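Student: 3D, please:
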Amino acid sequence: MVTVEKALELTNSNINKTDVIITILISEALGYVLAKDILSPINMPPFRQSAMDGYALGSIDEKTYNLIGEVKAGDDTDPKIGQGEAIRIFTGAPAPAGAKAVVMQEKVAIQNSQVILQEPVAVSANIRPLGEQIKEKDIALSEGTAITAAGIGYLASLGITHVDVYQKPSIAIIATGNELVPPGQVLKHGQIYESNSIMLSAALAQKGFDDISFFKVEDEYDVTLSLIENTINNYDLVLISGGISVGDYDFVGKALNVLDVEEVFYKVKQKPGKPLYFAKKQRTTIFALPGNPASALSCFYIYVLPTLLKISGLRDHYLKRGSATSTANYVKKGQRAEFLKASLKDGKVTILDGQASSMLRSFALANAMVYLPEEVTEVAIGDTVQIINLP
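Tutor: Okay, the predicted model is just below:
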């Protein structure tokens, strides 16, 4: 059995980002991680640009200017403007050669083709300089950056159509247990609905992973062995739910031993999720999660998700951590580290009821987890506690 800190260290040190790089359209790149720096092919903006609807001025010292023309966004004309002259201009339009400033339309009066300033205007006011956002050949986005909707828009604004990204891992989810039946069926005595694969799939999709295959196996050794062997040979990451404990009908551990995988650790001194298993075989990563759903999801967020994000090339691959003030008392019932479902708001955190490893209701209401290391035995109202933000 290892500590939480050792388990985190071992998962991180035994995983490397993929070396498989693919080129895809930016419209398909949401959630991927850049595999190469992207250099801007242009200045942005590519010309001096008006930031307002108003009037471009050829000087700033006059009070009255002669209105000599108009420039709209998209115009490819380049009129010149001189002392005492003004040109009507619109947001996004190119500033005329010689324009010293753009005055907002609300701050002028128009009389007989003359523009009359209502207040002074500063040099370069409301003019975006050439390359204000980024200059040609500067790094637009760096390798290791996760591509967001804003990132896609930004790259499109630079004229970029394709990006080189790290290929996301393929994932197999195996649910084990004779007692499990799909939602929608009528439950017989002794049966429960299988929720872990659906839950884990949703958690994966939330972070952009969609190459997922699902398998259900009953508690039979030969079938379990064959399925796990097949998934290890065909997927980058195998995620097994249940069957990793030491009961008479828990065959996952036995099968993994026969398949000669490299066990990195088995069991973590934590609650929930003690019977967590982590192993490797060649290029495949294997996690066997506890069958209890709250245990499975806790282990997913703390260990599995950071592993997947690191494989996918993301540098900052752990969930965001911080601290908050506890609104309640809490006393541990054991000596293990604990991950407690919680509600975080305005710097204060409330540990929720229903912390049992079999219960998901509190997880459904949580937006954070409170982490209590082994040495912390109780929490009092007003204490500062460590928190982990959930996606």
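Student: Look at Leu256 and give its secondary structure.
Tutor: Following DSSP: H, G, I helix; E, B strand; the rest coil, Leu256 is assigned to helix.
Student: show me what contacts it?
Tutor: Taking CB atoms under 8 Å, 6 or more residues apart in numbering, we find Leu256 in contact with Ile228, Glu263, Tyr277, Ala279, Ile286, Ala288. C-beta: built from backbone N, CA, C; applies to glycine.
Student: Turn the residues you listed into TSV, columns for distance to Phe363 and secondary structure.
Tutor: Below are the contacts of Leu256 laid out as TSV (distance: CB to CB, whole Å; DSSP: H, G, I helix; E, B strand; the rest coil):
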residue	distance to Phe363	secondary structure
Ile228	27	helix
Glu263	28	strand
Tyr277	21	strand
Ala279	26	strand
Ile286	24	strand
Ala288	20	strand
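Student: Let me have those residues in JSON lines, adding distance to Ser59 and pLDDT as columns.
Tutor: Putting these into JSON lines (distance: CB to CB, whole Å; pLDDT from 0 to 100) gives the following:
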{"residue": "Ile228", "distance to Ser59": "78", "pLDDT": "96"}
{"residue": "Glu263", "distance to Ser59": "78", "pLDDT": "96"}
{"residue": "Tyr277", "distance to Ser59": "75", "pLDDT": "96"}
{"residue": "Ala279", "distance to Ser59": "74", "pLDDT": "97"}
{"residue": "Ile286", "distance to Ser59": "72", "pLDDT": "98"}
{"residue": "Ala288", "distance to Ser59": "75", "pLDDT": "96"}
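Student: filter those residues to the buried ones?
Tutor: Ile228, Tyr277, Ala279, Ile286, Ala288 (16 or more other CB atoms under 10 Å).
Student: Between these, which sits nearest Ser40?
Tutor: Ile286 (41.6 Å; CB to CB).
Student: Kindly state the beta-bridge partners for that closest one.
Tutor: Ile286 has these beta-bridge partners by DSSP bridges: Val238, Ala279.
Student: hang on, isn't it packed against Ile240?
Tutor: Yes. With contact defined as CB atoms under 8 Å, Ile286 reaches Ile240; the gap is 7.3 Å.
Student: Are there residues contacting both of those two? Which ones?
Tutor: By CB under 8 Å, 6+ apart, the residues touching both Ile286 and Ile240 are Tyr277.
Student: Could you identify the most distant pair in the buried ones among the contacts of Leu256?
Tutor: Among the buried ones among the contacts of Leu256, Ile228 and Tyr277 lie farthest apart (CB to CB), at 11.7 Å.
Student: can I see the domain layout of the protein?
Tutor: 4-19+168-311, 21-43+136-166, 49-128, 321-389 (automatic domain parsing).
Student: Who are the packing partners of the helix or strand bottoming out on mean pLDDT in the chain?
Tutor: Least confident helix or strand of the chain, by mean pLDDT, DSSP states H and E, is strand 180-181 with a mean of 82. Judged by 3 or more CB pairs under 8 Å, 6 or more residues apart in numbering; DSSP states H and E, strand 180-181 is in contact with strand 192-193.
Student: strands paired with the strand it packs on, and their directions?
Tutor: strand 180-181 (parallel).
Student: For the residue in the chain sticking out farthest from the centre, give its distance to Asp210.
Tutor: In the chain, counting by CA atoms, centre = their mean, Asn112 sits farthest out from the average C-alpha position, at 56.9 Å. Between Asn112 and Asp210 the computed distance is 64 Å (CB to CB, to the nearest Å).
Student: again, but for Asp164
Tutor: From Asp164 over to Asp210 (counting by CB to CB), the distance is 19 Å.
Student: Check Ser312 too.
Tutor: Distance from Ser312 to Asp210, by CB to CB: 12 Å.
Student: circling back to that earlier point, relative to Leu57, how far out is the residue farthest from the centre of the chain?
Tutor: From Asn112 to Leu57 the distance is 18 Å (CB to CB).
Student: Need the contact partners of stretch 300-308.
Tutor: By CB under 8 Å, 6+ apart, stretch 300-308 touches 4, 7-8, 11-12, 15, 169, 171, 200, 203-204, 207, 209, 237, 239, 273, 276, 278, 285, 287, 289, 317-319, 339, 369, 388, 390-391.
Student: What about the residues you listed, which are in strands?
Tutor: Ile171, Leu237, Leu239, Phe278, Thr285, Phe287, Leu289, Phe339, Met369, Ile388 (DSSP state E).
Student: Take those and lay them out in JSON lines including neighbour count and distance to His189.
Tutor: JSON lines is the format used below for those (neighbours: other CB atoms under 10 Å; distance: CB to CB, whole Å):
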{"residue": "Ile171", "neighbour count": "23", "distance to His189": "34"}
{"residue": "Leu237", "neighbour count": "25", "distance to His189": "36"}
{"residue": "Leu239", "neighbour count": "27", "distance to His189": "29"}
{"residue": "Phe278", "neighbour count": "24", "distance to His189": "36"}
{"residue": "Thr285", "neighbour count": "24", "distance to His189": "38"}
{"residue": "Phe287", "neighbour count": "22", "distance to His189": "32"}
{"residue": "Leu289", "neighbour count": "28", "distance to His189": "26"}
{"residue": "Phe339", "neighbour count": "23", "distance to His189": "33"}
{"residue": "Met369", "neighbour count": "26", "distance to His189": "35"}
{"residue": "Ile388", "neighbour count": "19", "distance to His189": "39"}
